[in-house]
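Colleague: Give the three-dimensional model of this entry:
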Amino acid sequence: MTMIYHQDDGDLAYLAGKPVGVIGYGSLGRAFALNLRDSGVQVIVGGRSGASRETAEADGLTATSIEEAARAARILLLLMPDEVMPAVYLESIAPHLRRGDMLVFANAYNVAFGYIEAPPFVDVGLIAPRLMAAAVRERFEAGAGYCSYVAVGQDASGQAWRTLLALARAVGALEPGAIEVSFEQEAALDLFIQQTVMPVLHDLLDKAAHLLISRGFPPEAVLTELYLSGEFAAYLHHAEQRGLASALRQTPPIAQYGILSRMERFSDLKLDRLLEVTLDEIQAGSFAREWAKEYQDNHRRLNQLLRAYVDPDLLDWEQQTLESFGRVTEPEV
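Modeller: Numbers count the residues shown, from 1 in each chain. Model (predicted):
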């Protein structure tokens, strides 16, 4: 049976007198660091640039270099971007690790695919929030917490779970519940959603918008109906709280009938096979190797894909509709 951990499973007292180094002060690094501080944990922020350290100090935190944070802290939260983390780890963190230290990651990518290999004398853990970084802080402050995955990849001290669950409670990851998975499972799940559900969703919304507008429906009404109203987000939020079947039942009978009677129309054996192929590529490490080459090539193909994806018409329609709602934003191109 899958283990799900809650507030009572984490003992904050276990972190007393144990400085926690937060390596990286981006969106998630800042959220974790502030949540730790507010939970009474001693925090040291380790950053490469003066700007990130200045931001941390303005937030009332102790900030220093990555090397100094690695030397001072016994527990290190590695929260830098996946692409830069291996080099930083080798140069600035690995030389300072001692027996009994613990490395904690917010996603399993680098460990699961072998880009970071911890020495056998340290603990290795995972606290992976299942939402965007900004909401990690917001939900902590609201007392709501957030769903997360937790894992121990290496328990050299025999106390890795105790440390990890104390940390998870301190950052708000045990409320409403933290699901135990392996590092490999977390990495695969994360990539699988990015490479299956998200591309299908983007493509479907884009095609639906162009079809409806080509048939004479006002662009403002089309984009509002598709996603700008927040109705679809509310549907998913209900599913988050009560389950997908409950969300379906909250729609009018005509919507329920339309969804269920037309679902088979969009079923496709080819799609089933594409899902399997995508998961196989992820688990075999093929995508990780592809992404490593792309990063070394300065994101050349990614930049090409982004340029090709931008639809000037859709961008204009979005801006006009957002402005009509009073949501004035600068278009991201």
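Colleague: Can you dump the C-alpha atoms of stretch 239-253 in CSV for me?
Modeller: Provided in CSV are the C-alpha atoms of stretch 239-253 (Å, rounded to 0.1, in the frame of the first residue of the first chain):
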residue,chain,number,x,y,z
ALA,A,239,-11.7,17.7,-9.3
GLU,A,240,-8.7,18.5,-7.1
GLN,A,241,-10.9,18.7,-4.0
ARG,A,242,-13.6,16.0,-4.8
GLY,A,243,-12.4,13.9,-7.7
LEU,A,244,-12.9,13.9,-11.4
ALA,A,245,-16.3,12.1,-11.4
SER,A,246,-17.6,14.6,-8.8
ALA,A,247,-16.6,17.5,-11.0
LEU,A,248,-18.4,15.9,-14.0
ARG,A,249,-21.6,15.5,-11.9
GLN,A,250,-21.5,19.2,-11.0
THR,A,251,-22.0,20.1,-14.6
PRO,A,252,-25.6,20.3,-16.0
PRO,A,253,-27.0,17.0,-17.4
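Colleague: who's in contact with that stretch?
Modeller: 235, 236, 238, 256, 259, 260 (Cβ atoms under 8 Å, 6 or more residues apart in numbering). Where C-beta positions appear, they are placed from N, C-alpha and C, glycine not excepted.
Colleague: and the nearest residue in space to the last one that is not next to it in sequence, what element?
Modeller: What that stands for is residue 260. Nearest non-adjacent residue to residue 260, counting by Cβ to Cβ, 6 or more residues apart in numbering: residue 248, 8.0 Å away. For residue 248, the host element (DSSP states H and E) is helix 244-249.
Colleague: And that helix, what's buried?
Modeller: Buried positions in helix 244-249, judged by neighbour count with 16 or more other Cβ atoms under 10 Å: residue 247.
Colleague: what's the average pLDDT for that helix?
Modeller: For helix 244-249, mean pLDDT is 93.
Colleague: now stretch 225-237
Modeller: On average, stretch 225-237 scores 92.
Colleague: Ok, stretch 48-62 next?
Modeller: 89.
Colleague: before we move on, what about stretch 325-333?
Modeller: Stretch 325-333 comes out at a mean pLDDT of 64.
Colleague: Stretch 131-139 too?
Modeller: So the average pLDDT for stretch 131-139 ends up being 92.
Colleague: For that stretch, give me every contacting residue.
Modeller: Taking Cβ under 8 Å, 6+ apart as the rule, stretch 131-139 contacts 26-28, 30-32, 34-35, 129, 145-147, 171-172.
Colleague: circling back: pick the one among the contacts of stretch 239-253 closest to residue 50.
Modeller: residue 236 (40.0 Å; Cβ to Cβ).
Colleague: What about that closest one, how many residues nearby?
Modeller: 11 (other Cβ atoms under 10 Å).
Colleague: Please, which helix or strand holds it?
Modeller: Here residue 236 is assigned to helix 231-242, by DSSP H and E.
Colleague: how is the chain carved up into domains?
Modeller: 4-181, 191-324 (automatic domain parsing).
Colleague: least reliable of those going by mean pLDDT?
Modeller: Averaging pLDDT over each of those puts domain 191-324 lowest, since it has a mean of 92.
Colleague: how distant is it from the center of its chain?
Modeller: How far domain 191-324 lies from its chain's middle: 18 Å, per Cα atoms, centre = their mean, to the nearest Å.
Colleague: One more: stretch 162-172?
Modeller: 18 Å.
Colleague: And the contacts of that stretch?
Modeller: 5, 7, 9-15, 20, 31-32, 35-36, 39-41, 75, 77, 102, 104, 123, 125-127, 136, 139-140, 145-146, 148, 150, 152, 157, 174, 178.
Colleague: on that earlier part again, make a ChimeraX selection of whichever of the contacts of stretch 131-139 turn out to be buried.
Modeller: The buried residues among those can be selected in ChimeraX (16+ other Cβ under 10 Å) with this line:
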select :28,30,31,32,34,35,129,145,146,147,171,172
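Colleague: For residue 219, state which of the contacts of stretch 131-139 is nearest.
Modeller: Among the contacts of stretch 131-139, and counting by Cβ to Cβ, the member closest to residue 219 is residue 27, at 31.8 Å.
Colleague: for the closest one, what are its contacts?
Modeller: 132, 133, 134.
Colleague: and if we set it to 6 Å?
Modeller: residue 133 (Cβ atoms under 6 Å, 6 or more residues apart in numbering).
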